[in-house]
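Chemist: The sequence and its predicted three-dimensional model are supplied below.
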Amino acid sequence: MSSGETTKARLLEAAGEEFAAKGYEKASIRKICDRVNANCAAVNYHFGSKEQLYVE
């Protein structure tokens with residue numbers, strides 16, 4: 001698995017936990033990225049938006 005795929009998988013896992021705990025509106029992209037030590041630009045790179053991250 002490449003580091004990009006690993007980052008994407010880690011973001012998905014952290015996002016699932018954040019969305020489950022706080023709901024879509026209160027979930028923070030910054031907190032999701034902080035949990036996996038990723039740059040916030042990684043969300044836009046891999047998913048395009050918070051909404052797409054949520055959908056996946």
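Modeler: Arrived safely.

Chemist: if I look at C33, how far off is K22?
Modeler: For C33, the distance to K22 (Cβ to Cβ, to the nearest Å) stands at 15 Å. (C-beta placed from N, C-alpha, C; glycine too.)

Chemist: who's more crowded, these two?
Modeler: Neighbour totals were compared for C33 and K22, and C33 leads with 20 against 12 (other Cβ atoms under 10 Å).

Chemist: Pretty sure Y45 is one of the things the more buried one touches, is it not?
Modeler: No. The pair C33 / Y45 is not scored as a contact, 11.5 Å apart, by Cβ atoms under 8 Å.

Chemist: Least confident secondary structure element in this structure?
Modeler: helix 3-26 (a mean of 93; mean pLDDT, DSSP states H and E).

Chemist: count of neighbours near the residue lying closest to Y24 once chain neighbours are set aside?
Modeler: Excluding its sequence neighbours, the residue lying closest to Y24 (Cβ to Cβ, 6 or more residues apart in numbering) is Y54, at 5.6 Å. Using other Cβ under 10 Å, Y54 has 14 other residues around it.

Chemist: Spit out the contact partners of Y54.
Modeler: Y54 makes contacts with A15, F19, Y24, A27, as judged by Cβ atoms under 8 Å, 6 or more residues apart in numbering.

Chemist: Go ahead and build a PyMOL selection from the buried members of those residues.
Modeler: Per 16 or more other Cβ atoms under 10 Å, the buried members of the contacts of Y54 correspond to this PyMOL selection:
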select buried, resi 15+19+27
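
Chemist: Greatest separation within the contacts of Y54: which pair is it?
Modeler: Using Cβ to Cβ, the contacts of Y54 span at most 10.2 Å, a distance reached by A15 and Y24.
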